[in-house]
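Colleague: I'd like to go over a predicted model; first the sequence, then the structure.
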Amino acid sequence: MNCYYHPDKPALGLCKYCLRGLCENCAAQAGDSLACKNLHEGQVRDMDLLLQKNVLQSKRVGSDYLRNTIFYGSVGILFTVFGASQLKWLGLQAVVYLLIGLALLWAAVANYLESRKYK
């Protein structure tokens with residue numbers, strides 16, 4: 001592959017922003033990446049910063065899902081146990097509590113499975 005700006009020179013690598021081949025005269029270091037000198041250095045630094053923020057946010061999202069799992073699971077167990085224990089005395093109202101508990105347990109499982117995507 002040759003340099004986009006100097007087709008007669010071999011390229012050292014690609015600009016992270018525009019993906020054009022760059023020779024040693026056209027390439028500039030922008031963090032850990034290459035960029036077109038005096039053209040895309042700022043954009044490449046911004047892309048790297050955005051990527052770092054996204055990785056951090058992804059870890060936070062995973063912990064949020066785990067916290068939801070614990071909350072929904074705890075409340076779901078309480079509703080399910082209460083509904084099951086009161087079937088004899090409350091009848092249909094106990095069935096509603098039981099169904100709410102099961103729905104919350106389903107939400108806990110869904111949140112747990114979603115949290116596994118962010119590890």
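Modeller: Good, I have the coordinates.
Colleague: Please determine how far the residue in the chain sticking out farthest from the centre is located from Gly83.
Modeller: Computed with Cα atoms, centre = their mean, the maximum C-alpha offset from the centroid of the chain is found at Trp89, amounting to 46.4 Å. Computed with Cβ to Cβ, to the nearest Å, the distance linking Trp89 and Gly83 is 11 Å. Just so you know, the C-beta spots here come from the backbone N, C-alpha and C atoms, and that holds for glycine as well.
Colleague: Just the residues contacting stretch 77-87, thanks.
Modeller: Here stretch 77-87 makes contact (Cβ atoms under 8 Å, 6 or more residues apart in numbering) with 93-102, 104-105.
Colleague: Quick one, which of the residues you listed are buried?
Modeller: Buried members of the contacts of stretch 77-87, scored by 16 or more other Cβ atoms under 10 Å, are 94, 97-98, 100-101, 104-105.
Colleague: before we move on, the earlier item: export the contacts of stretch 77-87 to TSV and append columns for secondary structure and distance to Asp32.
Modeller: Conversion of those to TSV gives the following (DSSP: H, G, I helix; E, B strand; the rest coil; distance: Cβ to Cβ, whole Å):
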residue	secondary structure	distance to Asp32
Gln93	helix	62
Ala94	helix	61
Val95	helix	60
Val96	helix	57
Tyr97	helix	56
Leu98	helix	55
Leu99	helix	53
Ile100	helix	51
Gly101	helix	50
Leu102	helix	50
Leu104	helix	45
Leu105	helix	45
